[in-house]
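Trainee: got a predicted structure plus its sequence, pasted below:
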Amino acid sequence: MSARGVGKLCFLKKTVNAAVYQDVLETFLIPTVEEQFGEEDFIFQQDLAPAHAAKSTKDWFTKKQLEVLAWPANSPDLNVIENLWAIVKRKIRDRKPTTLDQLKQNIATAWEAVSAETCDKLVKSMPRRLRAVIQAKGAATKY
């Protein structure tokens, strides 16, 4: 997701290691970036999950000439994607899927219904999030 909206949703059936992550980036991130940004610059945000921090993943970003936001170790979770997932969960909370396919469809429908305006508000909240963490000296915040 970016301030311009959500990208294509990806359901994985396997554990995410560096190779799987890079495949997801290649298959889903690159087309989304091309669609949402074209030739404009952007900064990619991710946390330091092992697949994200792997040397081969760092090399992948370097090869693709994509800038990644520096992310401190042991930082509070400020990634706005967590708030986006909470929005999606609220949208499907009252549905009662009985199969995995129904669950996936509910999630996909809720994901596609997220507006670019909602995504933009989440992204624009980052300065407030960072100030709150600084004020709390790294302790928990409302985010």
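Mentor: Looks like it came in fine. All values derive from a computational prediction rather than experimental measurement.

Trainee: what's the helix or strand hosting T109 packed up against?
Mentor: Secondary structure from DSSP states H and E places T109 in helix 100-112. Applying 3 or more CB pairs under 8 Å, 6 or more residues apart in numbering; DSSP states H and E, we find helix 100-112 packed against helix 81-92. Every residue, glycine included, has its C-beta placed from N, CA and C.

Trainee: enumerate the positions of the helix it packs on that are buried.
Mentor: Across helix 81-92, burial judged by 16 or more other CB atoms under 10 Å covers N83, L84, V88, K91, I92.

Trainee: nearest to P72 among those residues?
Mentor: The nearest member of those to P72, counting by CB to CB, is N83 at 19.5 Å.

Trainee: surely that closest one touches V123?
Mentor: No. Taking CB atoms under 8 Å as the definition, N83 is not a contact partner of V123, at 10.3 Å.

Trainee: what residues are shared contacts of these two?
Mentor: Here N83 and V123 have no joint contacts, going by CB atoms under 8 Å, 6 or more residues apart in numbering.

Trainee: quick check: pLDDT value at P76.
Mentor: In the predicted model, P76 carries a pLDDT score of 66.

Trainee: just K142 next, same as before
Mentor: Listed pLDDT for K142 reads 77.

Trainee: how many neighbouring residues does it have?
Mentor: K142 sits with 7 neighbouring residues when counted by other CB atoms under 10 Å.

Trainee: likewise for T118?
Mentor: Residues contacting T118 under the criterion other CB under 10 Å number 16.
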